[in-house]
Structures are given as structure tokens and as C-alpha cells.
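> Predicted structure and sequence below. I'll ask about it afterward.
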Amino acid sequence: MKTIKQILPLFLLATLFLGFTACKKKCVVETDDTNNGAIISGVVFYPASGNLTPSMGGNYVINATHPYANEFQIRMNDGDKVDVNYSNYTILCYPITANCSASYDRTVTIDDANQTVVYKIVVTQCESCPEKYLTENYVLVPAFPSNYAVSYDVSYVTK
């Protein structure tokens with residue numbers, strides 16, 4: 001009997017400890033990214049190498065005159081991999097470093113009347129995820145004149 005009385009407090013203490021540490025609320029982020037507005041859906045990008053955006057010097061509008069124009073191929077709607085036809089399309093990108101558990105809601109608005117393009121990205125991420133990753137956020141949009149002002153609107157939602 002003495003053994004049970006000696007072990008019972010330790011057992012209760014261990015149970016209490018596990019109760020406070022094992023059932024932490026986990027952050028859940030919807031893993032599907034969304035693309036809206038002028039973004040052409042069903043496009044897969046094949047850059048010549050990963051992490052191209054850090055060397056672009058902030059020039060994230062890729063058209064026929066961009067130094068990296070020939071560094072991309074695309075696949076549209078499960079078709080063949082092809083070179084980008086820059087007379088019809090422009091690639092926009094914007095590098096973001098976010099937590100390892102994150103989703104991206106991307107929207108591009110092309111305003112011909114004001115000659116502007118806005119690339120908006122809302123990043124939803126878990127605060128509890130310590131690792132950080134670079135996402136280059138390539139999107140394909142209809143070609144627009146090179147004199148249009150392009151701006152980026154990035155916001156973060158942390159859970």
C-alpha cells in the first residue's frame with residue numbers, strides 16, 4: 001500500500017504535466033493558394049533555375065525586354081511545356097519570405113484607363129512555424145504596355 005501512495009502523487013504530477021504540454025492548439029492554414037483577377041489560371045512555371053528573383057534587382061515585370069525573359073517556360077492547362085509568348089503574356093513575380101506553413105491569395109488588377117497594374121498578395125501564415133521559405137509568386141497575366149506603372153500590395157495575416 002505504501003508503494004501506491006508514493007507513486008500516486010508522481011503519477012498525478014506526470015498526468016498534469018502531459019495535459020498542459022501535449023494538447024497545444026495547432027495552427028491550420030489552408031494549403032491551397034488562390035489566383036484572382038487578371039491572373040491566367042492553369043499555368044505551371046518552369047524557370048531555368050530556382051531563386052531567380054533575388055538577382056532581378058526589383059525588376060519583377062518579365063516581358064520580352066527583361067534580361068531573364070528567356071529563362072522561363074510555361075505549361076498551360078496540362079498542355080506541352082512552351083516558351084512564353086511575350087506578345088500575349090507578361091510574367092509578374094514578387095518574392096516573399098514567409099513561415100513554413102503559409103498560403104497565398106494573389107490578385108492582379110490591370111487598369112487600362114489609369115495605366116496601372118496592382119499585384120496584391122495576402123499571405124496567411126502560422127506564427128508557430130519557425131522555418132522561413134522564399135516564394136517567388138510567379139503569375140501569368142495578359143500582356144500590358146511597358147509604360148504602365150506596376151505596384152505591389154503585400155499583407156500578412158498571422159494565425
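That came through fine.
> residues near the closest residue to Val150 other than its chain neighbours, how many?
Closest residue to Val150 apart from its sequence neighbours, by CB to CB, 6 or more residues apart in numbering: Val117 at 4.5 Å. The way it works is simple: take the backbone N, C-alpha and C, and place the C-beta from them, glycine included. The burial count assigned to Val117 is 23, neighbours taken as other CB atoms under 10 Å.
> got the CA positions of the helix or strand harbouring Val117 in CSV?
Assessed by DSSP states H and E, Val117 sits inside strand 116-125. Taking C-alpha atoms only, strand 116-125 is exported to CSV below (Å, rounded to 0.1, in the frame of the first residue of the first chain):
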residue,chain,number,x,y,z
THR,A,116,-1.6,50.8,-63.8
VAL,A,117,-1.2,47.3,-62.6
VAL,A,118,-1.6,46.2,-59.0
TYR,A,119,-0.3,42.8,-57.8
LYS,A,120,-1.9,42.1,-54.4
ILE,A,121,-0.7,39.2,-52.3
VAL,A,122,-2.2,38.3,-49.0
VAL,A,123,-0.1,35.8,-47.1
THR,A,124,-1.7,33.7,-44.4
GLN,A,125,0.8,32.0,-42.1
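> same for it, what does it pack against?
strand 96-99, strand 102-111, strand 149-158 (3 or more CB pairs under 8 Å, 6 or more residues apart in numbering; DSSP states H and E).
> neighbours around the closest residue to Pro54 other than its chain neighbours, how many?
Nearest residue to Pro54, sequence neighbours excluded (CB to CB, 6+ apart): Pro95, at 6.6 Å. Look at Pro95: counted by other CB under 10 Å, it has 16 neighbours.
> cool, Tyr94 as well?
Each residue near Tyr94 was counted by other CB under 10 Å, and the total is 20.
> about what we covered before: how close does the residue nearest to Val150 sit to Gly37?
Distance of Val117 to Gly37, computed by CB to CB, to the nearest Å: 10 Å.
> about what we covered before: and Asp83, which of the helices and strands packed on strand 116-125 is closest to it?
strand 102-111 (21.5 Å; CB to CB).
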